[in-house]
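Asker: Sequence first, then the predicted structure, then my questions.
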Amino acid sequence: MSKSSQAVTTIALSGTQNGKIEVATLQEPYGAKSEPVASIGIFLSGSSDEPDWKVHIPKANIDEVIAALNEAKNVL
């Protein structure tokens, strides 16, 4: 499985001492010719190479996910 990753940003995870949120892009995340995705990884302790949780969002869904997150933010 081919996975070319490019980091976009790292954000401190609120409510933790060393946790972080990492946003990256992945090319061919599911093998040759699979569509690239935005990847969001949540690291609770910040000390591991693999996130505790992760989500892959296809480019076509990014704007809709951003809108939903803004709506959730307004509700909170």
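Answerer: Ah, there it is.
Asker: Check which helix or strand the nearest residue to residue 21 once chain neighbours are set aside maps to.
Answerer: By the measure of Cβ to Cβ, 6 or more residues apart in numbering, the closest residue to residue 21 outside its immediate chain neighbours is residue 11, 4.4 Å from it. The C-beta positions use only the backbone N, C-alpha and C, and glycine is treated the same way. For residue 11, the host element (DSSP states H and E) is strand 4-12.
Asker: and the helix or strand that comes right after that strand, what's its mean pLDDT?
Answerer: For strand 4-12, the following helix or strand on the C-terminal side (DSSP H and E) is strand 20-27. Strand 20-27 carries an average pLDDT of 96.
Asker: End to end on stretch 25-33, go ahead and measure it.
Answerer: 15 Å (Cα to Cα, to the nearest Å).
Asker: Burial check on residue 36, number of neighbours?
Answerer: 15 (other Cβ atoms under 10 Å).
Asker: gap between it and residue 71?
Answerer: 26 Å (Cβ to Cβ, to the nearest Å).
Asker: same question, residue 45
Answerer: Distance, residue 45 to residue 71, using Cβ to Cβ: 30 Å.
Asker: Next: residue 52.
Answerer: 25 Å.
Asker: swap in residue 4?
Answerer: 32 Å.
Asker: same check, this time on residue 6
Answerer: Residue 6 sits 28 Å away from residue 71, going by Cβ to Cβ.
Asker: ditto for residue 32
Answerer: 36 Å.
Asker: Poorly predicted segments of the protein, please.
Answerer: 1-3 (pLDDT under 70).
Asker: try it again with 90
Answerer: 1-5, 45-49 (pLDDT under 90).
Asker: neighbour count winner among residue 32 and residue 71?
Answerer: Per other Cβ under 10 Å, whichever of residue 32 and residue 71 has more neighbours is residue 71, with 10 against 7.
Asker: where does residue 71 fall, phi/psi-wise?
Answerer: phi -60, psi -40 (degrees, to the nearest 10).
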